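**Student:** Here's my sequence, what's the structure:
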Amino acid sequence: MRSQFLTILCILSFIGCAISLADATISLTNTQAAAETTYVKPNDTPEERKDKPNQYFEDRSSGDQPMPGDTDEIRSLAIAQLIYALLTLTGAILMFNLRRIGFWIYVAGVVVGTVLPVSLAGFGAINTSFGVVFSFVFVALYWLNIKDMH
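**Tutor:** Down below sits the predicted model:
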């Protein structure tokens, strides 16, 4: 029987994976728009934002660096994110069904989500894969529930 805690973890993983899959799909289908996007300061007033044209913008940065302007880099990072999201989603589905192998697939997805962006785009890609950090917390939380899986 699946614990409530494991159920909540899996549901949160499903939500996170869905957002990540949508984000990767948008980045893949609108690569040129993402590459042409200018940096939008987060402290713009509503009046200042009103005067700027609406643009596709995806701020995955944790500092002053916007998304990279290179379409090949955006595409490769989106593919890396897609692989990460599919692996972690597969792992979460298996863990939801109490299959222990799902934990290891989830861990593999987190490792891929950490290593692949860095190998494709360098250490600057750490800024764009900040969401993977939360997956490490989920790995620890899933580990606490591994005894419930078989």
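
**Student:** Could you report the neighbour count for residue 95?
**Tutor:** 27 (other CB atoms under 10 Å). Heads up, the C-betas are built off the backbone N, CA and C, glycines and all.

**Student:** and if you look at residue 105?
**Tutor:** Residue 105: 20 neighbours (other CB under 10 Å).

**Student:** if I look at it, how far off is residue 111?
**Tutor:** 11 Å (CB to CB, to the nearest Å).

**Student:** now do residue 138
**Tutor:** Distance from residue 138 to residue 111, by CB to CB: 13 Å.

**Student:** Could you check which of those two has the larger neighbour count?
**Tutor:** residue 138 (20 against 16).

**Student:** Would you check that the more buried one makes contact with residue 9?
**Tutor:** Yes - using CB atoms under 8 Å, residue 138 makes contact with residue 9 at a distance of 6.5 Å.

**Student:** Enumerate every residue touching residue 108.
**Tutor:** Under the criterion of CB atoms under 8 Å, 6 or more residues apart in numbering, the neighbours of residue 108 are 87, 91.

**Student:** how close does it get to residue 145?
**Tutor:** The spacing between residue 108 and residue 145, counted by CB to CB, is 18 Å.
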